[in-house]
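1. predicted model and sequence below, questions to follow.
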Amino acid sequence: MDIEFNKYEDINKQLAFEVNTKLKKIYQGGGEKAAAKQKEKGKMLARERVAYLIDKDTNWLEVGAFAGDGLYAEHGGCPSGGVITGIGYVSGRQCVIVANDATVKAGAWFPITAKKNLRAQEIAMENRLPIIYLVDSAGVYLPLQEEIFADKEHFGRIFRNNALMSSMGIIQISAVMGSCVAGGAYLPIMSDEAMIVEGTGSVFLAGSFLVKSAIGEDVDNETLGGATTHCEISGVTDYKQPNDRACLDSIRNIMGMTGDNVKAGFDRTKPSAPKLNVNDIYGILPDNREKAYDMMEIVLRLLDNSEFEEYKAGYGQSIICGLGRVDGWAVGIVANQRKVIKSKKGEMQFGGVIYSDSADKATRFIMNCNQKKIPLVFLQDVTGFMVGSRAEQGGIIKDGAKMVNAVANSVVPKFTFVIGNSYGAGNYAMCGKAYDPRFIYAWPSAKIAVMGASQAAKTLVQMQAAGLRAMGEDINQPKEDELLKETTDRYNAQTTPYYAAARLWVDGIIDPLETRTVISMGIEAANHAPIEKAFNVGVIQT
């Protein structure tokens, strides 16, 4: 191994270590004191509940672990959005699991909490997966109610989704394991089945204090909406359980008797590990997002037996397309090539840029995968589409539009990994969040923005300086340099994978070595939902 490889390896391993270090802190939720209070009540913590519920020695694919990271500091923060979501195996069946974390503001709903819950429901609906809610929440976080209550993608959308999923035949099971108040009370009761833990679970539209102030009635919370009330008098809940473990055992029993789905029929053979060392990815990926490298070396280390059937290998070389397998599943790979290429015409093509010929190639390949019912995997390290008079006269906008059209209308499941740059329209063409990938994860090396920091900062500073000069302010070179540094630093902070993950622009940040597991679990989930829509790109310029 050369010195550069070793340098990259050390840096990328350190980035992965930093992700895991941050996750360990996030997993503590609201902290030791808040956790101790939950334990005093005889309750399991949210992550303990999830760990107990899912099958032992199986993979857990968490979604949104970094949600809320760095947000709401003036309100004490909201680690992981105050709710844990992901896909796990329960009695051998893949399920979406949603567990309120009562150590974070008593499980109250922040705006990011609602967004994360809606994302979990979206995953369940897209993939026809059962969804299990472990409810323990004080309801809407009132200081931020205007950001969570009334809009289309706010709190009420969750109950609308409950109703839609029921009509779609998607199994919904709720366990009331703590507070469940006000509008939030509709979630478990709109599920197929609801169970409640005796002594700690409660469901009511208004708590005892509000009832007293509203109608003058004196009543305690247990009488108002406890397990006995709802299992023996109102009939609101279906099962009364003595403690958290018994409640989770009951869910496992129910899921163990559930019938199987009709499958989509994605092809899978016996899984094989890559022949090339997957750990080499750390040493292949450069420490700088502007450096070139051979993306094919990454691709081969993600595929079974490192075997790849490349499509149009000599044409449109700034995008790599081809077929392979991940954990036995057949996949179509669309990846940005990052090395500088000399085309057959003698033209130099720069890494990470999408040219007309590569857009044309990718469009055809995406259409072919839809024809063959092969899931698509996008590996993003893209700086955007080629610019300049030659590119414009060659029809780069038209060719880019064709690629975007194919991605948008694709009916096979899509999975996106932001490996490096994800800039401008390149983000869209390579199936960014707006184009409905079933899952989208970032590597620690990811950068997501309209354009690179240096270009963006220079443009913004030029505009600022021109505005200040127009107002008569003298802008000398030191002042302009200061503005450039401030703008670059701010822009860089907004392009990190942590910034994106905190806002759920991506489903999480993963160690590159976890990529194969995410793809495999994602396709297994997608295989529960047969493709019902025909592939059609509509009107497209040729």
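-> That came through, no problem. All figures in this text were calculated on a predicted structure; none of them were measured in a lab. Residues are numbered from 1 along each chain as shown.
2. where does Tyr499 fall, phi/psi-wise?
-> Main-chain dihedrals, Tyr499, degrees, to the nearest 10: phi -60, psi -40.
3. neighbours around the nearest residue to it once chain neighbours are set aside, how many?
-> In space, and not counting its chain neighbours, Tyr499 is closest to Ala493: 6.6 Å by Cβ to Cβ, 6 or more residues apart in numbering. Bear in mind the C-beta positions are built from the backbone N, C-alpha and C, glycine included. Neighbour count of Ala493, defined by other Cβ atoms under 10 Å: 12.
4. kindly report the same for the one 3 residues further on.
-> Here the count is done by other Cβ under 10 Å, and Thr496 has 17 residues near it.
5. which residue ranges of the stretch 151-300 of the chain form strands?
-> 172-181, 193-197, 202-204, 239-241 (DSSP state E, counting those that start in this stretch).
6. the one helix or strand Arg325 maps to - what's its average pLDDT?
-> Counting by DSSP states H and E, the element that carries Arg325 is strand 319-326. Mean pLDDT, strand 319-326: 98.
7. which neighbouring elements make contact with that strand?
-> Applying 3 or more Cβ pairs under 8 Å, 6 or more residues apart in numbering; DSSP states H and E, one finds that strand 319-326 makes contact with helix 295-300, strand 309-310, strand 329-336, helix 356-372, helix 515-526.
8. Val411 is nearest to which of the ones you listed?
-> helix 356-372 (5.9 Å; Cβ to Cβ).
9. for that closest one, buried residues please.
-> 356-367, 369-370 (16 or more other Cβ atoms under 10 Å).
10. that one vs strand 319-326, what angle?
-> 30 degrees (axes from the mean of the first three to the mean of the last three Cα atoms, to 10 degrees).
11. so how far is helix 356-372 from its chain's centroid?
-> 25 Å (Cα atoms, centre = their mean, to the nearest Å).
12. and the next element down the chain from that helix?
-> strand 376-382.
13. mind listing what the next helix or strand after that next one pairs with, with the direction of each?
-> Following strand 376-382 in sequence order, the next helix or strand is strand 384-385 (DSSP H and E). Paired neighbours of strand 384-385 in the sheet (DSSP bridges): strand 353-354 (parallel).
14. could I get the full set of helices for the stretch 101-250 of the chain?
-> Remark: helices assigned in the stretch 101-250 of the chain by DSSP state H, counting those that start in this stretch are 111-127, 156-167, 186-189, 208-215, 221-225, 227-228, 244-256.
15. out of those helices, flag the one nearest Tyr423.
-> helix 111-127 (23.8 Å).
16. list the buried ones in the closest one?
-> 111-121, 123-127.
17. go through these and say which is closest to Asn20.
-> Taking Cβ to Cβ as the measure, Asn20 lies nearest Lys116 of those, at 20.8 Å.
18. could you pull up the residues touching the closest one?
-> Contacts for Lys116 (Cβ atoms under 8 Å, 6 or more residues apart in numbering) come out as Val63, Gly64, Ala67, Gly81, Val83, Thr85, Leu504.
19. tell me which two in the residues you listed are the farthest apart.
-> It's Val83 and Leu504 that sit farthest apart of these, by Cβ to Cβ, at 11.8 Å.
20. adding pLDDT, write the buried residues of helix 356-372 out as a markdown table.
-> Shown next, in a markdown table, are the buried residues of helix 356-372 (pLDDT from 0 to 100):
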| residue | pLDDT |
| --- | --- |
| Ser356 | 93 |
| Asp357 | 93 |
| Ser358 | 95 |
| Ala359 | 96 |
| Asp360 | 95 |
| Lys361 | 96 |
| Ala362 | 97 |
| Thr363 | 97 |
| Arg364 | 96 |
| Phe365 | 98 |
| Ile366 | 98 |
| Met367 | 97 |
| Cys369 | 98 |
| Asn370 | 97 |
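21. which stretches of the stretch 51-200 of the chain have low pLDDT?
-> 183 (pLDDT under 70).
22. now do the SS call for the residue lying farthest from the centre of the chain.
-> For the chain, the C-alpha farthest from the mean C-alpha position belongs to Gly472; by Cα atoms, centre = their mean, that distance is 47.4 Å. What DSSP: H, G, I helix; E, B strand; the rest coil gives for Gly472 is coil.
23. just the CA trace of the strand holding Arg325, in PDB.
-> The C-alpha coordinates for strand 319-326 follow below in PDB (Å, rounded to 0.1, in the frame of the first residue of the first chain):
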ATOM      1  CA  ILE A 319     -21.100   7.800 -15.100                       C
ATOM      2  CA  ILE A 320     -20.600   4.100 -14.400                       C
ATOM      3  CA  CYS A 321     -23.600   1.900 -15.100                       C
ATOM      4  CA  GLY A 322     -24.000  -1.800 -14.800                       C
ATOM      5  CA  LEU A 323     -25.500  -4.900 -13.100                       C
ATOM      6  CA  GLY A 324     -24.300  -6.800 -10.100                       C
ATOM      7  CA  ARG A 325     -25.500  -8.400  -6.900                       C
ATOM      8  CA  VAL A 326     -25.500  -7.200  -3.300                       C
END
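24. which residues sit against that strand?
-> Against strand 319-326 from outside (Cβ under 8 Å, 6+ apart): 269, 271-272, 295-296, 299, 302-305, 307-313, 330-337, 354, 358-359, 361-362, 365, 374, 377, 516, 519-520, 523.
25. so what's Ala227 scoring on pLDDT?
-> For Ala227, pLDDT reads 85.
26. sort out which residues of the top helix by length along the chain are buried, please.
-> In the chain, assigned by DSSP state H, the helix with the most residues is helix 3-26. Residues Tyr8, Glu9, Ile11, Asn12, Lys13, Leu15, Ala16, Val19, Lys22, Ile26 are the ones in helix 3-26 that count as buried (16+ other Cβ under 10 Å).
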